[in-house]
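K.L.:
sequence and predicted structure, then a few things I'm wondering about:
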Amino acid sequence: MLAELFWVTLVTGVSAAVVIWVFAARLALRLAGARQAGPLGWVLAVLWPFGARQTAGASAETATMLNKMMVAFFIAILVAIASMAVYSNLTFVPPVRTQ
C-alpha cells in the first residue's frame with residue numbers, strides 16, 4: 001500500500017513540475033513579446049522561462065512571480081525524486097544467497 005502511495009506522489013510531483021513550467025513559459029513568452037525579442041529570445045523563454053526575470057523589461061511583480069514559480073518548480077522536482085527513492089526502497093527485493 002505504501003509503495004502505491006509513493007507512486008502517486010511521483011506522478012503528482014512530475015505533473016506539478018510540468019504545469020509550473022508551462023505557466024512560467026507562458027509568462028516569459030508574454031514578456032518576450034512585450035520587449036520585441038528576436039528568435040533567440042523566444043527560444044530562451046521556452047527553454048528556461050525563469051531566466052526572463054533578469055531582463056530589463058521585467059517589472060518587479062513579474063520577477064517576483066517567476067521567482068516563486070522557480071521555487072515551486074524545484075520543490076515539485078524534489079518531491080518527485082524523493083518519491084522515486086522511497087518507492088525503490090519499499091520495493092527492493094534482496095538477492096537470494098547461494099553457496
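P.N.:
Perfect, I can see it now.
K.L.:
so what does the longest helix anywhere in the chain touch, helix or strand wise?
P.N.:
Using DSSP state H, we find that the single longest helix of the chain is helix 2-34. Applying 3 or more C-beta pairs under 8 Å, 6 or more residues apart in numbering; DSSP states H and E, we find helix 2-34 packed against helix 39-47, helix 60-90. Backbone N, C-alpha and C define where each C-beta goes, glycine included.
K.L.:
worst average pLDDT in those?
P.N.:
Ranked by mean pLDDT, the helices and strands packed on helix 2-34 bottom out at helix 39-47, which scores a mean of 77.
K.L.:
chain center to that one: distance?
P.N.:
Computed by C-alpha atoms, centre = their mean, to the nearest Å, the chain-centroid distance of helix 39-47 equals 17 Å.
K.L.:
go on, stretch 30-40?
P.N.:
On C-alpha atoms, centre = their mean, the centre of stretch 30-40 falls 22 Å from the chain's centre.
K.L.:
gap between the two ends of it?
P.N.:
15 Å (C-alpha to C-alpha, to the nearest Å).
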